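Turn this into a structure:
(2 chains)
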Amino acid sequence: MKVSMKVNGAERSGDVEPRVLLVDFLRTNLAQTGTHIGCDTSSCGACTVLLDGEPVKSCTLLAVQVDGRSITTVEGLANGATLSPIQAGFHEEHGLQCGFCTPGMMLVGTALLERNPEPTEDEIRWAISGNICRCTGYMNIVKAIQHAAKAQAAAQAKVPEAVVVAGGE
Amino acid sequence: MSTATHMHGRIGESIKRKEDARFLRGKGNYLDDFVLSNMLQMAILRSPHAHARIKSIDTSAAGSMPGVIAVVTGELMAQHKLAWMPTLSGDTQAVLATDKVRFQGQEVAAVIAETKYQAEDARDAIIVDYEVLPAVTSPDGAKSAGAPLIRDEKEGQKDNHIYHWESGNQATTQAAFAKAHKVVRLHTFYPRCHPAPLETCGCIADVNSATGKATIYMTSQAPHAIRTVFALVTGLPEQQIRIISPDIGGGFGNKVPVYPGYVVATAASLLIGRPVKWVEDRNENLISTGFARDYHMTGDLAVDEKGKMLALRVHLDSDNGAFFADAQPSKFKAGLFHIVTGSYDIPTAHVTADGYYTNKAPGGVAYRCSFRVTEASYLIERLVTNAAIELGLDQAEFRKQNFIKPEQFPYTSATGWVYDSGDYPKAMDVALEKLGYAELLNDVERRRKQGEVTGIGIASFTEVVGAGHGADFDILGLRMFDSAELRVHPTGKALLRMGTKSQGQGHETTFAQIVTEELGIPAADIAVEEGDTDTAPYGLGTYASRSTPVAGAATAMVSRKLRDKARKIASHLLEAAEEDLEWEVGRFYVKGSPDRSKTIQEIAFAAYTNLPEGMEAGLEGVHYYDPPNMTYPFGTYAVVVDIDKGTGQVKVRRMVAVDDCGVRINPMIVEGQIHGGLTEGFGIAFMELITFDSDGNCIGSNFMDYLLPTAWETPRFEMGETVTPSPHHPLGAKGVGESATVGSPAAYVNAVIDALSPYGITNIDMPVGPDKVWAALRSKGVTE
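Here you go, the predicted structure:
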């Protein structure tokens, strides 16, 4: 079956069996190997990607189910050489060790801050509770997302007044 | 007198990790990310039965399915003398079953096909006719009269017993027990659990049909040892084998052994002439690869009327599964379990252990632990808390009273360990102060009066890590040294290669910092490489918290070798005698004339351009470090729990962790290691379980049944530290990767038992789930 989708902003398409999982399509057909496979039962979240901005587990979706929709993977987080606030937060707060869960964690964190720019610790912990990390014990992942929230808030605060006026009035 | 500016990345500085850059961008290179030209995929057919005779295997339908290149059975492997392989404990293990299957999940056949989906389709079309046999699922079952003989293929094997092992002194221990005021007994089962790294195990075997060279990408914590084992198993010359261990998505001991899939994929690549990839799925990982624990332990602690510990007697039955494939030094059949006297000055001890075959997966690995130290630590710390409760003593005071005292180090334990250094009361005091212990005891009493079920658990663990020395510690005879090779380039940048293999521990940062400290090259200028046996010096790998104690020491030593040569070159450049030069990090200067100096970068350039007459060019070296002793990290963990009487739910209100791992090289990374270990310890204490029904069906074979802690359940940790350097390590470091998994399970469970002690409940085996707690409370009439 023909399938096409937007992946990190670029139109991508392929010809796959209907049974091919989204994660396999991303990893095998598109060679986007930042999305990982950890459990096959949608328990661990290593395969998390954003589907139209919402976190989904790509081991539990068929590639054909997302035909015509938009996917963000870890490869789409940075802007060129510049890390996104979430990526910078994970680096600054030592939010990763082996790195295998990290793409999924960062995508969930990204989606959370999109919806809720100032989450509480409990809100962060609840948001990432579908993603398992075996290395960090989560404390530094929570701090990493808090770090990103603060960085985003600071960046927002720095928007020049003229721009706000021009956009608002 | 110093004119040097701040050197970035010295020991003690929490610099950010160098390895993060690729992981943050999804550009890590994990095994399954590699795609080789013309690569095939392999899927393994596994036994649905725990114990069955294979009557026939029909591969005809599978062999003719789309994309299938080959179907491999045990019979084919036997033709190449590869149906069986040696284990790390000197036993044999079936690669693909020929006669019987001996555990559910055992490898029976493999399909090699163009795609993963095709390989799995064909695997499901293989027809195996089994004659099901009765299954043995525990040591008690294994030794019972009339138990089926699991290893009937082994000559001379008449029953299911594997080994008997002893340590300590039976006579003096018996004598001490005879005089004891009181003997406290704890029988506890440390259940089977699994390291479950988020990345499963796998390999890509690429045997070049022209040259015969076998390049095998493998999720291995010990690539060099694996290369040697492969040479011995396959008969390939060792220089024709190259193991590449790429980025590893967590190991925790699971990636130490050799698994049958590695051997089959390599044989298949050899026979077919194309690369073959095999990556197990989560179910395969949990049911067939290295499990942990499964120790049935009975401990007796003898004390006198003043609460002084007199003697310890322990027996354990080990459930080893169908093949004795424990990954541990060959001298020690029960691992390093005889560290079981722990942090206490117990004059005499006697430890006995028996291992048994059962119809369960083989491969007892140390899940974030140094060869069964965690079982030992759990037993003694649970026993000490139970003894305190039974004697009516405060569990902190009772521990302090019996601690090995700081002035007793180096301390020789009753089972022969020579503890290098320690200050146990200090770590305990830091923990109690953080906890606000005195006030907390009052608070517990207040709450209990109001009907609440609450308690405090303490564990003061001592580990033994950093194997070897090589005379006593080996893997299949290979001495447990480790290595570092350092090359300083003409521009003063460096390449450090080691025999270890990071799985998330941050070696690229930590080991660069050691070179920074010793040689003054900034950490940012040092590339660290591990895992490729064609380029890295030989080493025994990363497990048992041995990388910093052994390869870290090797890194310091090789740096010092290069510094000695640098001094000679500086002497030549500065036209001053060597003994007139002073070293400060990053440069040599002439005593009394600090302006007359040469930086390490200038010296490195001279090593290739302007050498003293007769000196060998270059600034490179290698060091193989065989440690004189193990290191003994320790600490005190304290936990406060609240238990819901109605549901049996345990909530960890507080977790205080005070660790002493000697000198901390990168404190940020050290804390990260402890966080992770405390979380895995929490999982083991409350959630993680691999168990079996009476037919030997594995329960806990996927992440819906094998429960791992998420951010929601995991407690917030309160951290503390003391620093007691190791006297024999060149940097005073001890290793820290596993302390928290070793020490914390007992602290968590002790808190539960303390909470339940007013009702006369003295033990609940892990995992301490709400069902067990509720049943215990109900049995005492506390809840309906």
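
what's near enough to touch the residue of the stretch 51-200 of chain B found nearest chain A?
Each residue of the stretch 51-200 of chain B has a distance to chain A, by CB to the nearest CB, and the smallest belongs to B:Leu198, at 4.5 Å. Just so you know, the C-beta spots here come from the backbone N, C-alpha and C atoms, and that holds for glycine as well. Contacts for B:Leu198 (CB atoms under 8 Å, 6 or more residues apart in numbering or on different chains) come out as A:36, A:38, A:44, A:46, A:98, A:100-101, A:132-134, B:249-250.

Now flag whichever of the residues you listed is closest to B:Met297.
A:Arg134 (26.0 Å; CB to CB).

and the closest one, that's in a strand?
No: residue assignment for A:Arg134, taken from DSSP: H, G, I helix; E, B strand; the rest coil, gives coil, which places it outside any strand.

For it, grab the count of nearby residues.
By the criterion of other CB atoms under 10 Å in any protein chain shown, A:Arg134 has 28 neighbours.

if I read this right, it contacts B:Gly250, doesn't it?
Yes: if you go by CB atoms under 8 Å, A:Arg134 and B:Gly250 touch, sitting 4.9 Å apart.

hey, what's in contact with both of those two?
With CB under 8 Å, 6+ apart as the test, A:Arg134 and B:Gly250 both reach A:98, B:197-198.

Among the residues you listed, which lie within helices?
For the shared contacts of A:Arg134 and B:Gly250, not one is inside helices, with DSSP state H as the criterion.

most centrally placed residue in chain A?
For chain A, the residue whose C-alpha lies nearest the mean C-alpha position (CA atoms, centre = their mean) is A:Leu107; its distance is 1.7 Å.

For the nearest residue to B:Asp705 once chain neighbours are set aside, list each beta-bridge partner.
The spatial neighbour of B:Asp705 that comes closest, neighbours along the chain excluded (CB to CB, 6 or more residues apart in numbering or on different chains), is B:Ile699 at 6.0 Å. Counting by DSSP bridges, B:Ile699 forms beta bridges with B:Thr691.

Please list all residues in contact with B:Ile699.
Residues counted as contacts of B:Ile699 (CB under 8 Å, 6+ apart) are B:689-693, B:705.

CSV for those, including pLDDT and neighbour count?
Supplementary listing: the contacts of B:Ile699 in CSV, determined by pLDDT from 0 to 100; neighbours: other CB atoms under 10 Å in any protein chain shown:
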residue, pLDDT, neighbour count
B:Leu689, 98, 20
B:Ile690, 98, 23
B:Thr691, 97, 16
B:Phe692, 98, 22
B:Asp693, 98, 12
B:Asp705, 97, 15
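
which one among the residues you listed gets closest to chain A?
For the contacts of B:Ile699, the nearest to chain A is B:Asp705 (9.6 Å; CB to the nearest CB).

Give me the phi and psi angles of the closest one.
Dihedral pair for B:Asp705: phi -110, psi -30, per degrees, to the nearest 10.

And the residue of chain B that's closest to chain A?
Using CB to the nearest CB, the point where chain B gets nearest to chain A is B:Gly26, with a distance of 2.0 Å.

Now the closest residue to that residue other than its chain neighbours: which helix or strand?
Nearest residue to B:Gly26, sequence neighbours excluded (CB to CB, 6+ apart): A:Gly34, at 2.0 Å. Following DSSP states H and E, one finds A:Gly34 outside all helices and strands.

Give me the contacts around the lowest-mean-pLDDT helix or strand in chain B.
In chain B, no helix or strand scores lower on mean pLDDT, DSSP states H and E than strand B:474-475, which sits at a mean of 89. Under the contact criterion CB under 8 Å, 6+ apart, strand B:474-475 has outside partners B:88, B:222, B:225, B:327, B:329-331, B:468, B:480, B:540.

No further queries at this time; thank you.
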